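Undergrad: Below is the structure, and that's it, no one-letter string:
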């Protein structure tokens, strides 16, 4: 502190602002702010990107250290940085110094134990929207993952295989390899994202599994269909086409036949998919057309049928 006061004496007109910087960080430390909050508030004060990186602690808040960033290295190797484009401002050094001191104090005070290595609670923490970057990066570290490790998250409605945690009616599985391990049940697959963005991957996987009938659905392959998932299930349930399809659902193989018709575009090929002669399904398709109230032997009709099948699935998997 004595060194800081000596420096303040030479700041002249900026001395008052420097004192404000000191008070700003002191209040955050006294209030036991989280590391995420400290980084957020420091960024607001500096009006430029700031962050904290500590490979030894498994911490990455604010992203990797930019090559051009001003930085301070703490005794344990933690790097605290500030990256301003263009010419540094007069108080940047003061902000970075007080930021570093505040980080050191918070890291010393907040040595909270995380769940045991391999504990599903770690996976749950990694996927939680409410967890901060500091908590998430530490949990990833204990799972043997780096924040920038690319991974997919699976939403499994069934029996999971791999690093997983039960979350509600689904199991979340973290996958680092391009090849997805076999899972039992319906599976939604997220896009490939850095591990620190796991909550976003989990949201995408949960949406994708709602489209699954009995197989694996990849979120990145759904395209504009993803927008349908925003429709409330109770609104979907009121749609006339969905209600008509509900009437057909109890009939053996009917939905499988209609799915096959949509995917093949041909009654003959649809019959082959369900291992029936095409002549035996004509009456069933005519019955389906009459119940649905629209033709299903045209591209437009098959599109409407496919859309209805998807909407019904989203309602039932909601």
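TA: Good, I have the coordinates. Everything quoted here is computed from the prediction, not taken from an experiment.

Undergrad: Give me the nearest residue to the residue nearest the centre of the chain, chain neighbours excluded.
TA: In the chain, the residue lying closest to the centroid (Cα atoms, centre = their mean) is residue 200, at 1.5 Å. Excluding the flanking residues, the one nearest residue 200 by Cβ to Cβ, 6 or more residues apart in numbering is residue 193, at 6.4 Å. For glycine as for every other residue, the C-beta is placed from the backbone atoms N, C-alpha and C.

Undergrad: And residue 282, by the same measure?
TA: In space, residue 282 is closest to residue 267, 7.0 Å off (Cβ to Cβ, 6+ apart).

Undergrad: Would you mind measuring from the one you found to residue 300?
TA: 16 Å (Cβ to Cβ, to the nearest Å).

Undergrad: ranges for the strands of the stretch 51-200 of the chain?
TA: 59-61, 70-73, 79-82, 150-159, 163-167, 170-175, 184-189, 193-194 (DSSP state E, counting those that start in this stretch).

Undergrad: can these go into CSV with extra columns for distance to residue 131?
TA: What follows is the strands of the stretch 51-200 of the chain, written out as CSV (distance: least, Cβ to Cβ, whole Å):
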stretch, distance to residue 131
strand 59-61, 12
strand 70-73, 26
strand 79-82, 21
strand 150-159, 14
strand 163-167, 13
strand 170-175, 14
strand 184-189, 21
strand 193-194, 15
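
Undergrad: who wins for proximity to residue 304 among the ones you listed?
TA: strand 184-189 (24.5 Å; Cβ to Cβ).

Undergrad: Identify the residues contacting that closest one?
TA: For strand 184-189, contacts defined as Cβ atoms under 8 Å, 6 or more residues apart in numbering pick out 152, 154-161, 180, 204-219, 317.

Undergrad: mind listing which of those residues are in helices?
TA: 204-209, 317 (DSSP state H).

Undergrad: and the least confident of these?
TA: Checked by pLDDT, the ones in helices among the contacts of strand 184-189 have residue 317 as the lowest-scoring entry (88).

Undergrad: what stretches of the stretch 51-200 of the chain score poorly on pLDDT?
TA: In the predicted model, the stretch 51-200 of the chain carries pLDDT under 70 at residues 109-118.

Undergrad: What about residue 281, how many residues nearby?
TA: 20 (other Cβ atoms under 10 Å).

Undergrad: give me phi/psi at it?
TA: phi -110, psi -10 (degrees, to the nearest 10).

Undergrad: I'd like to know how far it sits from residue 256.
TA: 11 Å.

Undergrad: what do the two both touch?
TA: Shared contacts of residue 281 and residue 256, counting by Cβ under 8 Å, 6+ apart, come down to residue 274.

Undergrad: right, and residue 284 touches residue 258 too?
TA: No - if you go by Cβ atoms under 8 Å, residue 284 and residue 258 don't touch, sitting 9.4 Å apart.

Undergrad: export the ones in helices among the contacts of strand 184-189 to a markdown table and tack on neighbour count?
TA: Formatted as a markdown table, the ones in helices among the contacts of strand 184-189 follow (neighbours: other Cβ atoms under 10 Å):
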| residue | neighbour count |
| --- | --- |
| 204 | 23 |
| 205 | 27 |
| 206 | 22 |
| 207 | 21 |
| 208 | 28 |
| 209 | 23 |
| 317 | 18 |
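
Undergrad: How is this structure divided into domains?
TA: Following automatic domain parsing, one gets these domains for the chain: 2-109, 120-226, 231-317.

Undergrad: Contacts only, for the closest residue to residue 152 other than its chain neighbours.
TA: Excluding its sequence neighbours, the residue lying closest to residue 152 (Cβ to Cβ, 6+ apart) is residue 175, at 4.7 Å. Listed by Cβ under 8 Å, 6+ apart, the contact set of residue 175 reads 151-154, 162, 181.

Undergrad: any chance you could map the helices in the chain?
TA: Using DSSP H, the helices of the chain run over residues 2-8, 15-30, 35-46, 92-109, 120-127, 133-142, 198-209, 233-236, 240-248, 254-264, 267-273, 282-292, 299-317.

Undergrad: how about the third one: buried residues?
TA: Spelled out, that is helix 35-46. Buried positions in helix 35-46, judged by neighbour count with 16 or more other Cβ atoms under 10 Å: 35-36, 38-43, 45-46.

Undergrad: quick one: the closest residue to residue 162 other than its chain neighbours and residue 119, what's the gap?
TA: Residue nearest to residue 162 in three dimensions, not counting chain neighbours: residue 173, with 4.6 Å by Cβ to Cβ, 6+ apart. Separation of residue 173 from residue 119 (Cβ to Cβ) stands at 15 Å.
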